[in-house]
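In: With the sequence up front, the predicted model follows.
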Amino acid sequence: MNEPLAERIRPKTLEDYISQHHLVGENGSLTHQIKNGIIPSLILWGPPGTGKTTLANIIANESQRPFYTLSAISSGVKDVREVINKAKQAGGLFTSKNPILFIDEIHRFSKSQQDSLLGAVEKGWVTLIGATTENPSFEVIPALLSRCQVYILNPFEKEDLESLLNRAMKTDPILKSKKITLKEIEALLRLSGGDGRKLLNIFELIVNSETGEKVTITNDLVLQKVQKNTVLYDKTGEQHYDIISAFIKSIRGSDPNASVYWLARMIEGGEDVKFIARRMVILASEDIGNANPTALVLANSAFQAVNTIGYPEARIILSQCATYLASSAKSNASYMAIKSAQQKVQETGDLSVPLAIRNAPTKLMKDIGYGKGYDYAHDHKNNFVEFEFLPDEISGTTFYKPGKNPREKAIKEFLEKRWKDKYRF
C-alpha cells in the first residue's frame, strides 16, 4: 500500500474518533447537531494533526450529505465556482440536506477566493466547513466569518496519542503482520508535539526501517531513526510552536540577540510573515504595555508594513521590531488587570450598573433615576472629582497595579495624587 498509515486508519464514524470530547463527546457542542444532521457552516481551528479533515468527513458521512473538497493551496476562484455549481445541482436532490464543501487550509485563500464563497454560503447552496491552523479572526474575511461558527480543536493529550498507536497496531493490516512492542514511547510522544498525523508518520517510519517481524520501540531507537529524517523547521508542526515560543520568551526576557536568532530560524524556514508580526503586536501589549506605549505603536506599524512589503525585505522590519521590543522596559500590569477583572466578573456575575452612571436618553429613564447623582469631572478643578464607578458589591476593588518602571511610576503617582484612598499601591 502506498497510503500513509494516518490515512489507512482514518476513522469513519464518531464512535471511532479520538479526542476533542468538548466537540464530539457525549455532551459535545457538535455531537447533537451531527446526530440530527443540523450542520451549520463552520470553521475548524486547531494545530496540525488534530483531526480537522477527519471530523469534516465524519460530519458528511453521519449526515448523509454530498461531500466536495478543495485545497486552498491548489485551488483558485474558478475551482471554487465549479464545485459550487456541482453542489447546487446535487442539492436539488437533497432539499433538506444541502451538500458540504470542505476547504482545507482555508486561511490560504485570498480575499477574492473567500468572497466567491459568500453567495453559496448565504443562500444555503452549500454548508461550508473550513479547516485552518491559523486564527480565523485574522485569516478569514469578516463577511464569511460572520456566517460560520468557529470550533477549536485541541492538541492531542498523551492518552489520545497512546490510543492512536494502539489502534494502528490493532487495525492496520501491515502493522498487524508484525509483532510490535511499545517498550518506551516518551520520545515518540515528545516528537509528535500533539500532532496525531506526525506521530503515526514517525511510528510507521521506525517500524518499516526495522527488519524482521519483531519490533521493539524504545526512546533510543526513535531518536536514532528520526534524527536522520528531521527537517530544520516545520512551520506546520511541533517546531512551529517551539520556536515561536522561544522567540517570544527571548523578547520578554530582554535578549535581542536570542530574539533575532529565533526570528532568523523562522524566516529561513519560510514562516508566514504575518504570523510573526502578529505575535509581536500581542507581546507589545501583554509584556510591555504602559511601560513603553510606543512599543505597541511600532509593533502595529511593523505588522502593517510587512503586509505591504513581504519577503525578503520584510525581514528587516521584523528585525527592527523584535530588537526594539526586546530592548524595551517590560510590564504585564495591563494583562494582569484584565485577567483580574475577568475573574471578578466570573465570580460576581452581571452586577447592576450604578444608576448614577447609566445612560439616560429618555425622559422616563431620567424620571426613574438614570444618571441622577453623576458628578461631571470637567466641572471640577483639574477635570477630576472622586466618584465610585464600580458596582456597590465590588466598590474599592483594584485591578490595575502599575509596574515598577519609570513610565508606570509616573502613572502610579498620578493616580495616588488624584485618589486619596482608592489608589494606594
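Out: Great, that's in hand. Values in this document were obtained by computation on a predicted structure and should not be read as measured data. Numbers count the residues shown, from 1 in each chain.
In: How about the most centrally placed residue in the chain: what's its closest non-neighbour residue?
Out: Nearest residue to the geometric centre of the chain (Cα atoms, centre = their mean): residue 135, 4.6 Å. Ranked by Cβ to Cβ, 6 or more residues apart in numbering and with sequence neighbours excluded, the top spatial neighbour of residue 135 is residue 45, at 7.1 Å. Backbone N, C-alpha and C define where each C-beta goes, glycine included.
In: Kindly report the same for residue 388.
Out: residue 395 (5.5 Å).
In: I'd guessed the residue nearest to residue 135 sits against residue 137; true?
Out: No: counting by Cβ atoms under 8 Å, residue 45 does not reach residue 137; the two are 9.4 Å apart.
In: The two: who's more crowded?
Out: residue 45 (23 against 10; other Cβ atoms under 10 Å).
In: Over to that one: give its phi and psi.
Out: phi -110, psi 120 (degrees, to the nearest 10).
In: Any figure for the gap between it and residue 133?
Out: 8 Å (Cβ to Cβ, to the nearest Å).
In: for residue 374, same thing?
Out: Distance from residue 374 to residue 133, by Cβ to Cβ: 49 Å.
In: Pull the number of nearby residues for residue 38.
Out: So residue 38, with other Cβ under 10 Å, has 11 neighbours.
In: Tell me the secondary structure at it.
Out: With DSSP: H, G, I helix; E, B strand; the rest coil as the basis, residue 38 sits in coil.
In: What about it? Give its phi and psi, please.
Out: phi -100, psi 90.
In: any idea how far residue 137 is from it?
Out: Residue 38 is 25 Å from residue 137, by Cβ to Cβ.
In: For the residue nearest to residue 135, list the residues it contacts.
Out: 132, 133, 134, 135, 136, 150, 151, 152, 153 (Cβ atoms under 8 Å, 6 or more residues apart in numbering).
In: Those residues: which two are farthest apart?
Out: 134 and 151 (14.8 Å; Cβ to Cβ).
In: Among those two, which residue is more densely surrounded?
Out: residue 151 (21 against 17).
In: helix or strand for the more buried one, which one?
Out: Per DSSP states H and E: residue 151 is located in strand 149-152.
In: coming back round to it: ok, now how distant is the residue nearest to residue 388 from residue 359?
Out: 21 Å.
In: Show me which positions of stretch 319-336 end up buried.
Out: By 16 or more other Cβ atoms under 10 Å, the buried positions in stretch 319-336 come out as 319, 321-326, 328-334, 336.
In: Closest one to residue 87 out of these, please.
Out: residue 321 (43.6 Å).
In: out of everything not next to it in sequence, what's closest to that closest one?
Out: residue 302 (3.9 Å).
In: what helices or strands is the helix or strand the one you found falls within leaning on?
Out: Assessed by DSSP H and E, residue 302 sits inside helix 294-309. Helices and strands touching helix 294-309, by 3 or more Cβ pairs under 8 Å, 6 or more residues apart in numbering; DSSP states H and E, are helix 273-283, helix 314-326.
In: Would you map the strands across the stretch 101-250 of the chain?
Out: 127-132, 149-152, 179-182, 214-217 (DSSP state E, counting those that start in this stretch).
In: Export those strands as CSV, with columns for distance to residue 404 and mean pLDDT.
Out: Formatted as CSV, the strands of the stretch 101-250 of the chain follow (distance: least, Cβ to Cβ, whole Å; pLDDT from 0 to 100):
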stretch, distance to residue 404, mean pLDDT
strand 127-132, 40, 93
strand 149-152, 36, 93
strand 179-182, 51, 90
strand 214-217, 51, 90
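In: mind checking which helix or strand of this structure has the lowest mean pLDDT?
Out: Ranked by mean pLDDT, DSSP states H and E, the helix or strand of the chain with the weakest confidence is helix 363-367, at a mean of 74.
In: Which strands and helices lie in contact with it?
Out: Using 3+ Cβ pairs under 8 Å, 6+ apart, helix 363-367 sits against no helix or strand.
In: contacts for that helix?
Out: 358, 359, 360, 371, 372.
In: filter the residues you listed to the buried ones?
Out: Neighbour counting by 16+ other Cβ under 10 Å classes residue 360 among the contacts of helix 363-367 as buried.
In: Just give me the closest of the contacts of helix 363-367 to residue 298.
Out: Checking those against residue 298 with Cβ to Cβ, the nearest one is residue 359 at 36.5 Å.
In: shouldn't the closest one be in contact with residue 370?
Out: Yes: using Cβ under 8 Å, residue 359 is in contact with residue 370, at 6.9 Å.
In: In contact with the nearest residue to residue 396 once chain neighbours are set aside, which residues?
Out: Computed as Cβ to Cβ, 6+ apart, the closest residue to residue 396 that is not its neighbour in sequence is residue 422, at 6.3 Å. Residues near residue 422 by Cβ under 8 Å, 6+ apart: 386, 396, 398.
In: Quickly name whichever of those is closest to residue 67.
Out: Nearest to residue 67 among those, with distances taken as Cβ to Cβ, is residue 398, at 54.9 Å.
In: Tell me how many other residues crowd the closest one.
Out: Around residue 398 there are 12 residues (other Cβ under 10 Å).
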